[in-house]
Structures are given as C-alpha cells and as structure tokens.
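[1] Okay, here's the prediction I keep looking at, along with the sequence it came from:
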Amino acid sequence: MKRALSLLALVTATASAQDYQPRETFAPFDMGQPVNRYRSANGLPGPDYWQNRADYQLRVTLDPATRTIAGTATISYTNNSPDTLDALWLQIDQNLYRPGSRGGLARGGVPAGHSDGMVMEAVSVAVAGGPATNVTPLVSDTRAQLRLPTPLAPHGKAVVTIRYHYTIPEGWGGRTSWGASPGGDIYDIAQWYPRMAVYDEIRGWDTAPYLAQEFYLEYGDFDYWVTLPAAMLMAGSGELMNPREVLTPTQVARLDKARGSDATVPIRTVAEIADPASRPTRGGTLTWHYRMKNTRDVAFAASSAFAWDAARIRLPNGGTSLAMSYYPAESAGTARWGRSTEYVKDTVERFSARWYPYPWPAAINVAGPTSGMEYPGIVFDAPEDAGKELFWVTAHEIGHNWFPMIVGFDERRHAWMDEGFNTFIDVYQSDDFNRGEYGPKRDGEYAEGGGNPVDEILPVLADRDAPPILSRADTVIEKWRHPVTYFKSALGLVLLREQILGPERFDPAFRRFIAAWAYRHPQPADFFRAMESEAGEDLSYWWRGWYAHNWQLDLAVTGIEAAKDGTPLIRVASRDKLVMPATLRVRYADGTTRDLRLPAETWIRQAMTAVPVPAGKVVSAELDPDHKLPDHDRSNNAVGAAP
C-alpha cells in the first residue's frame, strides 16, 4: 500500500510539473495597447498626450418635501483633441433607476425601487462663442448624445446649458440615496448632474453604460450652489466659499480654529443639533456655495441631523487641508464617529507623505445611508460603523482620493485598478496608524478570514470559475468582486513590492507613475510599462500569471546532492504555471543557515534546476521559509532534517 501511494505521488508530481512550460510563462506579454506619441514606451504620457476638459457651474435646489434635485448645469467643454467633434456625449447616471434600464436588467431580479431618472427639461449648446442653440438630446439608457449645431474644431470650446430635475432615490440608490435619522433625514447626493463622457485616443467617446459599477470622467473646475432648508448643514467636495452666510458666527470661529489645530475641534456638537441657535436663521432657505478645482467630480451631503467636527491636515512642503466629519447623534462617541476626523487626518497625512500630496482643501467623512462610497474630497460611510471597521472603511474610502480621483483610472472598465491600488495603500496605513492599533488590515477587502494573505488567496487561485484580474468590471459577479477586484489586485502589488522588486525599486516607480498620471487617464498597459521601465525589470511572467490569468504557484525542493567537485546542490522545481522569486534557506550540520535569493529566471529554461550553495554539510533546504508566497502546496517546500 505504501508503494502504491508513493507511485501515485510520483505520477501526480510529474503531471503537475508538466503543467509548467517556461516558454508560456516567460513569453513576451502583449500589453494590448500600442506605443505612440500619446502614450510612451516607458508608461508615461507621451509628448503629444492630450485630454479634453469639462468645467462646471451647477445651481440646484434640494427640496426635502418632494425628495427632488432641480436646477441648471452649465458645462464649458474644451476639445483639446486633434479631432473635430460633431456631437457631445453626456452621462445621465440617474437613468439607472428607470424601469428596464440596462443596469437594472444586468443586476437581475425585482428592483428595490425606481424613478423617472434624470429629466432634461431644456438643453442648449453654444459652439466657439456662437449663439446658444436649443438641441434635443438623444437619450440611450444612461447616455445622451447632443448633436452640435456646428462642429467643434480642435482646441475649440462649447458651452452646454441644461435645465433638469430628478427624484433622489431612497436606500435602493446604492451609490447615492437618502435615509432617515432621528434628527432629520440624511441626503448623500452624487451623480446629481449631467456629466461629460470622456473622449480620448483609446476609444474616442467612451460611452460604456452605467450598470451600477463606477465611473470614468474628465477633469475641470467646479463652482456649485445648492439651496437647502436653513435647518440643514451641507458637506460638499472642495471649499465652502460663503461660510458667513450659511454658518453662525460661533461656527465660523470654530472652523477657523480647526484650521490650525491638530486636535479635533467641534464645529457643531451633538448637544447643539436640536438647538435652533446652531443655524443662522430659523426658517426659509440658504444657498451654499462650494468650489473645487482640478477634479473629475463633486458630491455633497445634507441634513439637519449632523454634528460636525474638523482638524488640520499637515501636508508635505508646509501645506494644509482640513479633515472633517459629519454624523448624526446616534453615531457619536469615541468608540464610534468621535474618532472619524482623527482617522481622516492621519490617513491623508500618511498617504501624502508616502505617495503623493493631497491636493484639495478638505477631506470629509459623512455618516449616512450610502455606506462605503467615495467621491473627490468627500466619502460616505455608515452611521453604525465603529472601531476598527470604521477605521478600515474610512482609510479605504479616503484612499480613493488617490485612486481614481487623482490618478484618473477608468474604473467603469478597470475596477481592479482603483479598488486594488487603494486597498494596497490601505494595507500599510493599517500597519502605521497609531503604532498598529488596527493592524494588520484583515477585512472584507483584504484577507477577510484573518489569516496570512498568501494563504487566504489560494482558494481564489484554485477556483476555475474565478475571473482573472484583467476582466471587464461589469462582468465580475458579486461573489468575486472583493476577492479578485480588491484582494487579489492589492496582494499582487504587495507581492510585487515586497517579494519581486523590493521597496527600494517599487516605491520610486510607483510614485513616478502617480505623479505622471495625476489628473490624467492611465490605462493598464501604462501601469505595466511604467513599473517595468522605472524599476528595470521584465515582469511579463507576473502580469501574465497574476493579472491576465488565475495561475497557481507551486515551488518545490526535490533533493540535496553534490557536484563532482563537492559543491552542494539543491534541486528546486516549479510545478505549476506561476513563478516568483523565492528565498532558499539552507541549513548546515553545524547549525548555521544561509539564505539565497532565487530570481524568477531560475525557472526560465526548465522546470527543475540545481542551485549551487556555499560549501558545507547541508542537512536541509527550504523554499519560502518565512511563508511570504502564495504557494498552494507547502508540503514539498523542504527536504532534509527538521531544524
């Protein structure tokens, strides 16, 4: 029986080894995107890179009685492309909630709610300074085409004016909604105006429909005015331009104090929420004016239920911003949202120092019905979040300001880039905050089971139904969204940084990529090329195995022998399609050990090879002794006597 088992094991090992084909693993990786003067071979924008621009002026009223947003959007659109445009395309994301929308049907099942979508009452376009001409939008699901009265030439400008309204969705809105709170309803308002679609050199007009995934947007400057009942506080992306008109003198003074305080300063306390004196007027409406420059989007929240606090954010080179939190009374307390501003401040400061300086005047965390959603300068989290869960979700959502708000990924197609890159930087924030108070990061985004991430990823790699990272975002079902789009993508960067390149090569390359593509539109191929070029490494085997496929890793030590001259040799093998650099630890009879670093190229010509090690009587050898690699069969990682 023992002999039969040994033969079976030998046959299994041989078959597994045959799965590894060096020419397949190490073949040149097709980036799927040509190199040209727009996008260079080094992964950075080329000398002729261009990007169109959309600047917005938005004037709306939020009416709690009818749960509606109504107003006017004026969009100044600049065509920086070399092409003449005969039409413009808008994203009308509220149409997701119309009966029969593509997103509703893609989700399947009975919808939790629906609306009439975004109703465009009147649309006009003025091209190149000419007269405004009324146009009839051609609406197709969540997109609208505007045929131009005259073509828009390269480097020309058009002004689009749209009068519109829509009904704010309840909790079924997903990424934007309103919900009840004892102190008053809370409104998390996003996708609240017609937004320009991206026109780029990759696809021309990128008109992927909104299927309840995420977004791809142009950059520009925003001025927006929101009229609200006077009892409400508003938190908005960017900088509040008229504080003395919408705040009390006490609140203005407290806000000024917070700008110079590293400790959290209450702007409106929980005790003041129900006090009419905490608002400058007791009836009617107030109009809040916010401004945000060089952003791809803006969002806001409003409620009479908010407490509000703030603290200074210290940025590199002496700059500052404001960390702020808005939350209802039921979320208060140091075990809950009372520490939110501390979390925001620390996260922004560390990400700014480690990766790229935060560019905007405020970073805001809002407790409301839209849980776990990010927009430039403002994020929406759940009122019930507390402790480490609140820290983790805050760090993650605030981290999205780097990906995709600063680095403008197309998250509608490549969600793994914004979610995975952000989860990656969150891993280190969890280790760093307050000397690891909430570290290591082990949540629904990263190693949810709480164990070693390289072990937790193994079921994903082994499942034939798991999609590869390089899948269109809309095709990744909920079962795989967090395991692949967040966890596997983030772990791929952790492994690239810590096991393949090392921080000394990874970090400068990653920072250069961020800086080069800040407020621009990189594609996956740009990232792959940038990391290879700056770090000085052909990573084809890694992009192919970890990103384009769901390959598994199985490195093995198959024996200890000696060369003719007596040099000890350790035989190592790759028994599956994924390879990685690995540490080989050799133990000698005198009790000493030596670690040798084996590059991925150890297996570039053959599945099995002999590795010479320093002279001495070798008693054991082990691959990956510190358990850093996602090796799915660790039983074959060592031979010889146990230490």
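    Arrived safely.
[2] which secondary structure element contains the residue nearest in space to the middle of the chain?
    In the chain, the centroid-proximal residue (CA atoms, centre = their mean) is Asp418; its distance is 2.7 Å. Mapping Asp418 onto the secondary structure by DSSP states H and E places it in helix 415-432.
[3] Packing partners of that helix?
    Under the contact criterion of 3 or more CB pairs under 8 Å, 6 or more residues apart in numbering; DSSP states H and E, the helices and strands touching helix 415-432 comprise helix 340-354, helix 387-399, helix 489-495. (Glycine included, C-beta is placed from N, CA and C.)
[4] roughly how far is that helix from the heart of the chain?
    Between the mean C-alpha point of helix 415-432 and the mean C-alpha point of its chain there is a distance of 7 Å (CA atoms, centre = their mean, to the nearest Å).
[5] contacting residues around the residue lying closest to Lys617 once chain neighbours are set aside?
    Here the nearest residue to Lys617 in space, its sequence neighbours aside, is Ala589; by CB to CB, 6 or more residues apart in numbering that works out to 4.0 Å. Contacts were defined as CB atoms under 8 Å, 6 or more residues apart in numbering; by that measure Ala589 touches Gly616, Lys617, Val618, Val619.
[6] can you check Thr583 too?
    Counting by CB under 8 Å, 6+ apart, Thr583 has contacts Asp595, Leu596, Arg597, Leu598, Leu623, Asp624, Pro625, Asp626, Lys628.
[7] Could you check the helix holding Asp418 and say which residues are buried?
    For helix 415-432, a neighbour-count test (16 or more other CB atoms under 10 Å) marks 415-430, 432 as buried.
[8] For the following helix or strand past that helix, buried residues please.
    Using DSSP H and E, the helix or strand that follows helix 415-432 in sequence is helix 453-456. Of the residues in helix 453-456, those buried by neighbour count under the rule 16+ other CB under 10 Å are Pro453, Val454, Glu456.
[9] Which member of those is positioned nearest Val159?
    The shortest separation between Val159 and any of those is 50.3 Å, and it belongs to Pro453 (by CB to CB).
[10] Look up the closest residue to the closest one, ignoring the ones flanking it.
    Take Pro453 and drop its neighbours on the chain: the residue closest to it by CB to CB, 6+ apart is Ala447, 4.2 Å away.
[11] Contact partners for that neighbour?
    For Ala447, the set of contacting residues under the criterion of CB under 8 Å, 6+ apart consists of Pro440, Lys441, Pro453, Glu456, Ile457, Phe487.
[12] Take these and write them to JSON lines, including distance to Thr558.
    Supplementary listing: these in JSON lines, determined by distance: CB to CB, whole Å:
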{"residue": "Pro440", "distance to Thr558": "34"}
{"residue": "Lys441", "distance to Thr558": "36"}
{"residue": "Pro453", "distance to Thr558": "27"}
{"residue": "Glu456", "distance to Thr558": "27"}
{"residue": "Ile457", "distance to Thr558": "25"}
{"residue": "Phe487", "distance to Thr558": "31"}
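[13] and the residues you listed as TSV, adding pLDDT?
    Formatted as TSV, the entries for the contacts of Ala447 read as follows, by pLDDT from 0 to 100:
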residue	pLDDT
Pro440	97
Lys441	97
Pro453	98
Glu456	98
Ile457	98
Phe487	98
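[14] Following the lowest-mean-pLDDT helix or strand in the chain in sequence, what is the next regular element?
    Ranked by mean pLDDT, DSSP states H and E, the weakest helix or strand in the chain is helix 2-19, scoring a mean of 40. Past helix 2-19, heading to the C-terminal end, the next element that is a helix or strand (DSSP H and E) is helix 22-25.
[15] buried sites along that next one?
    In terms of neighbour count (16+ other CB under 10 Å), helix 22-25 has its buried residues at Pro22, Thr25.
[16] State whether Asp410 is indeed within a strand.
    No: the assignment for Asp410 is coil, going by DSSP: H, G, I helix; E, B strand; the rest coil, so no strand is present there.
[17] show me what contacts the residue nearest to the centre of the chain?
    With contact set as CB under 8 Å, 6+ apart, Asp418 has these partners: Glu214, His400, Phe403, Pro404, Phe409, Glu411.
[18] rerun at 10 Å
    Residues near Asp418 by CB atoms under 10 Å, 6 or more residues apart in numbering: 214-215, 374, 399-400, 402-405, 407-411, 473, 485, 489.
[19] Look at it and report its pLDDT.
    Each residue has a pLDDT score; the one for Asp418 is 95.
[20] Look up how far Glu456 lies from it.
    Look at Asp418 and Glu456: by CB to CB, to the nearest Å, they are 22 Å apart.
[21] can you check Arg102 too?
    Separation of Arg102 from Glu456 (CB to CB): 34 Å.
[22] Under the pLDDT cut-off, which ranges of the chain? List them.
    Counting by pLDDT under 70, the low-confidence segments of the chain come to 1-18, 641-643.
[23] Please name the nearest non-neighbouring residue to Trp517.
    Using CB to CB, 6+ apart and skipping the chain neighbours, the partner closest in space to Trp517 is Val407 (5.1 Å).
[24] That'll do, ta.
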